[in-house]
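Enquirer: Sequence and predicted structure, then a few things I'm wondering about:
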Amino acid sequence: MMHNQVWDFFKRNFLLVLLFVSSLHLLKLESPEIRAFLLASFLECIAIAFSGVAVFVFTKVKFTEQPATSNLGLIFLGIHISFGLSVLALYLAQFSN
(Lines give C-alpha, C1' and ligand atoms only; values in the text may rest on other atoms or scores of the structure.)
Protein backbone atom coordinates (compact mmCIF):
# COMPACT_ATOMS: atom_id res chain seq x y z
CA MET A 1 0.00 0.00 0.00
CA MET A 2 2.71 2.48 0.99
CA HIS A 3 4.79 1.46 -2.02
CA ASN A 4 1.92 2.36 -4.35
CA GLN A 5 1.50 5.79 -2.75
CA VAL A 6 5.22 6.57 -3.11
CA TRP A 7 5.20 5.40 -6.72
CA ASP A 8 2.09 7.49 -7.51
CA PHE A 9 3.72 10.56 -5.92
CA PHE A 10 6.87 10.01 -7.99
CA LYS A 11 4.87 9.62 -11.21
CA ARG A 12 2.92 12.83 -10.53
CA ASN A 13 6.01 14.88 -9.66
CA PHE A 14 8.59 13.36 -11.99
CA LEU A 15 9.27 16.57 -13.92
CA LEU A 16 9.55 18.60 -10.72
CA VAL A 17 12.03 16.12 -9.24
CA LEU A 18 13.99 15.97 -12.52
CA LEU A 19 14.21 19.77 -12.73
CA PHE A 20 15.19 19.97 -9.05
CA VAL A 21 17.99 17.41 -9.38
CA SER A 22 19.32 18.75 -12.68
CA SER A 23 19.38 22.35 -11.44
CA LEU A 24 21.27 21.28 -8.32
CA HIS A 25 23.74 19.37 -10.46
CA LEU A 26 24.23 22.17 -12.98
CA LEU A 27 24.52 25.05 -10.51
CA LYS A 28 28.29 24.50 -10.55
CA LEU A 29 28.58 26.09 -14.01
CA GLU A 30 30.63 29.27 -14.31
CA SER A 31 28.46 31.37 -16.61
CA PRO A 32 26.50 33.88 -14.48
CA GLU A 33 23.47 33.89 -16.79
CA ILE A 34 23.10 30.11 -16.77
CA ARG A 35 23.60 29.99 -13.00
CA ALA A 36 20.94 32.68 -12.49
CA PHE A 37 18.46 30.77 -14.65
CA LEU A 38 19.17 27.50 -12.85
CA LEU A 39 18.92 29.15 -9.45
CA ALA A 40 15.55 30.62 -10.43
CA SER A 41 14.31 27.19 -11.56
CA PHE A 42 15.60 25.63 -8.32
CA LEU A 43 13.80 28.25 -6.22
CA GLU A 44 10.63 27.79 -8.28
CA CYS A 45 10.76 24.04 -7.58
CA ILE A 46 10.91 24.82 -3.87
CA ALA A 47 7.93 27.20 -4.17
CA ILE A 48 5.90 24.62 -6.10
CA ALA A 49 6.75 21.99 -3.49
CA PHE A 50 5.57 24.37 -0.73
CA SER A 51 2.37 24.96 -2.70
CA GLY A 52 1.83 21.23 -3.00
CA VAL A 53 2.24 20.76 0.74
CA ALA A 54 -0.13 23.66 1.46
CA VAL A 55 -2.76 22.29 -0.93
CA PHE A 56 -2.45 18.83 0.63
CA VAL A 57 -2.95 20.24 4.12
CA PHE A 58 -5.75 22.56 3.05
CA THR A 59 -7.71 19.88 1.21
CA LYS A 60 -7.44 17.45 4.14
CA VAL A 61 -8.80 19.94 6.68
CA LYS A 62 -12.37 21.20 6.18
CA PHE A 63 -12.37 24.83 7.30
CA THR A 64 -15.77 25.64 5.80
CA GLU A 65 -18.48 23.62 4.12
CA GLN A 66 -18.60 25.75 0.98
CA PRO A 67 -15.65 28.08 0.36
CA ALA A 68 -16.56 31.52 -0.97
CA THR A 69 -13.47 31.87 -3.19
CA SER A 70 -11.09 29.74 -5.21
CA ASN A 71 -8.84 28.84 -2.30
CA LEU A 72 -6.36 26.65 -4.18
CA GLY A 73 -5.43 29.47 -6.55
CA LEU A 74 -5.06 31.88 -3.67
CA ILE A 75 -2.78 29.42 -1.85
CA PHE A 76 -0.58 29.11 -4.95
CA LEU A 77 -0.47 32.87 -5.44
CA GLY A 78 0.20 33.64 -1.79
CA ILE A 79 3.07 31.17 -1.50
CA HIS A 80 4.71 32.43 -4.69
CA ILE A 81 4.41 36.07 -3.65
CA SER A 82 5.83 35.45 -0.17
CA PHE A 83 8.58 33.21 -1.52
CA GLY A 84 9.50 35.74 -4.20
CA LEU A 85 9.66 38.58 -1.70
CA SER A 86 11.86 36.47 0.58
CA VAL A 87 14.27 35.70 -2.26
CA LEU A 88 14.32 39.38 -3.26
CA ALA A 89 15.12 40.39 0.33
CA LEU A 90 17.95 37.86 0.52
CA TYR A 91 19.30 39.00 -2.84
CA LEU A 92 19.23 42.66 -1.85
CA ALA A 93 20.83 41.96 1.53
CA GLN A 94 23.59 39.91 -0.08
CA PHE A 95 24.53 42.28 -2.90
CA SER A 96 23.79 45.71 -1.42
CA ASN A 97 27.13 45.92 0.42
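Expert: Sure thing, it's come through. Numbers count the residues shown, from 1 in each chain.
Enquirer: Identify the residue spatially nearest to residue 71, adjacent ones excluded.
Expert: Closest residue to residue 71 in three dimensions, ignoring its sequence neighbours and counting by CB to CB, 6 or more residues apart in numbering: residue 58, at 6.5 Å. The way it works is simple: take the backbone N, C-alpha and C, and place the C-beta from them, glycine included.
Enquirer: so what's the one you found up against?
Expert: By CB atoms under 8 Å, 6 or more residues apart in numbering, residue 58 lies in contact with 71, 72, 75.
Enquirer: Next step: the residues you listed restricted to strands.
Expert: In strands, judged by DSSP state E, none of the contacts of residue 58 are found.
Enquirer: are any of those buried, and which?
Expert: Buried subset of the contacts of residue 58 (neighbour count, 16 or more other CB atoms under 10 Å): residue 75.
Enquirer: quick one on the thing from earlier: distance of the residue nearest to residue 71 relative to residue 82?
Expert: Distance of residue 58 to residue 82, computed by CB to CB, to the nearest Å: 15 Å.
Enquirer: So, low pLDDT: which residues of the protein?
Expert: Across the chain, residues meeting the criterion (pLDDT under 70) sit at 1, 29-30, 32-34, 36, 61-64, 67-70, 94-97.
Enquirer: Can you give me the neighbour number for residue 26?
Expert: 14 (other CB atoms under 10 Å).
Enquirer: For residue 83, give me phi and psi.
Expert: phi -70, psi -40 (degrees, to the nearest 10).
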